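# The following block contains a protein sequence and its predicted model.
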Amino acid sequence: MVWGGISTRLRTPLYHVVGNLTGVRYQNEILQPLVVPSLQAIGPRAILQDDNAPPHRSAAVNTFIQQARVNRMLWPANSPDLNPTEHMWDELCRRVQQHHPPPANLGQLLQWLQQEWNGVPRAFICNLIHSMRQRCVECLALNGGHTRY
């Protein structure tokens, strides 16, 4: 598994998660070194959008988020997945699948993932981020039903 974060102004490096991601690992390996500095670089209006995966919502992570003064988007328990990062993963997958032959090993796959992650145009990412308002409007209009996103 890899983890990555995007915004209109920057993207984090991809982080290769080895093994199970716990709340403590999420805090120590992702939030502290990658997320918080990125949010600080964006500025005081930056908002963390994650999902309801158990590591993201552990008590330790919630405490850390509060102590670090991170603005976090509220995410309903049974919400459709509107996170624009999902479309970034789709784009990354398409780009990596264009490599022929397929990666020979995990190291090569990770190298290609990072290369393609860095190669996704900023305009593509900005379009994803700027679509959030319309994603939410459409989701509300459909009472939480499936959207075109």
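Happy to help now that I have it. Numbers count the residues shown, from 1 in each chain.

# can we go C-alpha only for contacts and neighbour counts from here?
Fine.

# From Leu39, how far off is Trp112?
For Trp112, the distance to Leu39 (CA to CA, to the nearest Å) stands at 26 Å.

# just Met1 next, same as before
Distance from Met1 to Leu39, by CA to CA: 22 Å.

# neighbour count winner among these two?
Leu39 (19 against 11; other CA atoms under 10 Å).

# who are the neighbours in contact with the more buried one?
Ala46, Ile47, Leu48, Val70 (CA atoms under 8 Å, 6 or more residues apart in numbering).

# ranges for the helices of this structure?
In the chain, the helices defined using DSSP state H lie at 23-25, 36-42, 59-67, 85-97, 106-119, 122-130, 132-141.

# Next, the angle helix 85-97 makes with the fifth one.
Angle, helix 106-119 to helix 85-97, by axes from the mean of the first three to the mean of the last three CA atoms, to 10 degrees: 120 degrees.

# Ramachandran coordinates for the residue lying closest to Asn71 once chain neighbours are set aside?
Leaving out its chain neighbours, the residue that sits closest to Asn71 by CA to CA, 6 or more residues apart in numbering is Ile47, at 4.9 Å. As for Ile47, its main-chain torsions (degrees, to the nearest 10) stand at phi -130, psi 130.

# same thing with the one 3 residues further on?
For Asp50, the backbone dihedrals (degrees, to the nearest 10) come out as phi -120, psi -170.

# Name the nearest residue to it, ignoring sequence neighbours.
His56 (7.1 Å).

# List the buried residues of stretch 30-38.
Across stretch 30-38, burial judged by 16 or more other CA atoms under 10 Å covers Ile30, Leu31, Gln32, Leu34, Val35, Val36, Ser38.

# For Ile129, the count of nearby residues, please.
17.

# meant to ask about Trp117
Neighbours of Trp117 (other CA under 10 Å): 22.

# Now for the closest residue to it other than its chain neighbours: which residues touch it?
Once flanking residues are discounted, Trp117 sits nearest to Leu92: 6.2 Å by CA to CA, 6+ apart. Taking CA under 8 Å, 6+ apart, we find Leu92 in contact with Leu113, Glu116, Trp117, Val120.

# Narrow the residues you listed to those that are buried.
Leu113, Glu116, Trp117.

# Restrict stretch 54-71 to CA atoms and write it as PDB.
Taking Å, rounded to 0.1, in the frame of the first residue of the first chain, the C-alpha atoms of stretch 54-71 are listed here in PDB:
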ATOM      1  CA  PRO A  54     -10.000   2.900  11.500                       C
ATOM      2  CA  PRO A  55      -6.400   4.100  11.600                       C
ATOM      3  CA  HIS A  56      -7.500   7.600  10.600                       C
ATOM      4  CA  ARG A  57     -10.100   7.800  13.400                       C
ATOM      5  CA  SER A  58      -8.300   6.200  16.300                       C
ATOM      6  CA  ALA A  59      -8.300   8.000  19.700                       C
ATOM      7  CA  ALA A  60      -4.600   8.600  19.400                       C
ATOM      8  CA  VAL A  61      -5.000  10.200  16.000                       C
ATOM      9  CA  ASN A  62      -7.900  12.300  17.000                       C
ATOM     10  CA  THR A  63      -6.000  13.600  20.000                       C
ATOM     11  CA  PHE A  64      -2.900  14.300  17.800                       C
ATOM     12  CA  ILE A  65      -5.100  16.100  15.200                       C
ATOM     13  CA  GLN A  66      -6.500  18.400  17.900                       C
ATOM     14  CA  GLN A  67      -3.100  19.100  19.500                       C
ATOM     15  CA  ALA A  68      -1.600  19.900  16.100                       C
ATOM     16  CA  ARG A  69      -4.500  22.200  15.400                       C
ATOM     17  CA  VAL A  70      -5.300  20.500  12.100                       C
ATOM     18  CA  ASN A  71      -8.500  21.500  10.500                       C
END
